[in-house]
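Student: coords please:
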Amino acid sequence: MRSAAVALLLTGPAGLWAQAPSVFESIKPQATVLIRRHESGADLAEVSILDPGYPRDLLQRQIEGLCREVGSDARGLQIYEAALRSEPPRLSVLKATFGTVGLIDHQSGDLRLTPVIRCLLGAPPPYAIRDLGLIYDSEAPTPTTLRSFSSSTVSLEARYNPPPIAGLEYRIRVLSQTPADIDVPDRYLATVAEASPVMPDRIEPKARPWWLVWTLVSVVGLSGVALVYLALLLRTGRAQVGP
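Tutor: Residues are numbered from 1 along each chain as shown. Predicted structure coming up:
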């Protein structure tokens, strides 16, 4: 599948990334995933489903599946409804926050897009998610950051956002609800030889300060950044609830 795909890289300063690609006008996320790396080696994540009626047990299974794929349990998982607007008409989203390891390679800076995209696929109608927003909080583009990718089952583009939402933002459209059909490279591949990089040794679980991950998820969280992002989507009329 990857042989038929197209991946692009934009080199140059981060300012060039601020130019919004066309998909940012056409893809209206039904869900967003915000990921932030932590110095402990953990990754903190927050999933926001714009349809508050999305089944909580389904979202929990999807997150658990994501964590199995990256090889680390979901820690401090919380799923709850969060209000974006309390006055009528009331607006809320379904949120999940958790900590894990393996969403970002902290040594190479590679972003593991494939497991994140796969995890939200396969929901029955009317909950099937086709359009997704993925934000890597405080991450800046590097010479190997994937900016654009297209295959028969998924297309995506990225841009760099300045404050207050500083980081890399991907808009993603999936054309298959079968997770195994999705295969996106972790980085821009300049040569075929780079398609199978030698991965660094994994950190043993006993070295991970999970008590700190639980604390970060429950106390620090990511809600502030995610709520700003969702508010901007709603204000510009680009957010969509439902498929």
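
Student: So what's the residue count around residue 70?
Tutor: Residue 70 sits with 19 neighbouring residues when counted by other C-beta atoms under 10 Å. Any C-beta I mention is one placed from the backbone N, CA and C, and that applies to glycine too.

Student: Tell me which residues touch it, please.
Tutor: By C-beta atoms under 8 Å, 6 or more residues apart in numbering, residue 70 lies in contact with 100-103, 112, 115.

Student: Return the closest of the residues you listed with respect to residue 84.
Tutor: Of all the contacts of residue 70, residue 84 sits closest to residue 103, with 24.5 Å by C-beta to C-beta.

Student: so how far is residue 138 from the residue nearest to that closest one when sequence neighbours are not counted?
Tutor: Take residue 103 and drop its neighbours on the chain: the residue closest to it by C-beta to C-beta, 6 or more residues apart in numbering is residue 43, 4.1 Å away. Distance of residue 43 to residue 138, given as C-beta to C-beta, to the nearest Å: 12 Å.

Student: Equivalent analysis for residue 95, please.
Tutor: According to C-beta to C-beta, residue 95 stands 20 Å off from residue 138.

Student: The two: who's more crowded?
Tutor: Legend: neighbour count by other C-beta under 10 Å for residue 95 and residue 138, higher for residue 95 (23 against 13).

Student: which strand residues sit across from the more buried one in the sheet?
Tutor: residue 48, residue 80 (DSSP bridges).

Student: That one is in contact with residue 80, isn't it?
Tutor: Yes: taking C-beta atoms under 8 Å as the definition, residue 95 is a contact partner of residue 80 at 5.8 Å.

Student: hang on, the residue nearest to residue 103 packs against residue 98?
Tutor: No: between residue 43 and residue 98 there is no contact under C-beta under 8 Å: 9.4 Å.

Student: tell me the SS of residue 116?
Tutor: Secondary structure of residue 116, reduced to three states by DSSP: H, G, I helix; E, B strand; the rest coil: helix.

Student: How confident was the prediction at it?
Tutor: Here the pLDDT value assigned to residue 116 is 98.

Student: Report the buried residues of the helix or strand where residue 168 lies.
Tutor: Per DSSP states H and E, residue 168 falls inside strand 167-174. By neighbour count with 16 or more other C-beta atoms under 10 Å, strand 167-174 contains the buried residues 167-174.

Student: helices or strands next to it in the packing?
Tutor: Judged by 3 or more C-beta pairs under 8 Å, 6 or more residues apart in numbering; DSSP states H and E, strand 167-174 is in contact with helix 23-26, helix 113-119, strand 131-137, strand 154-161.

Student: now that strand and strand 131-137, what's the angle there?
Tutor: Computed with axes from the mean of the first three to the mean of the last three C-alpha atoms, to 10 degrees, the direction of strand 167-174 lies at 160 degrees from that of strand 131-137.
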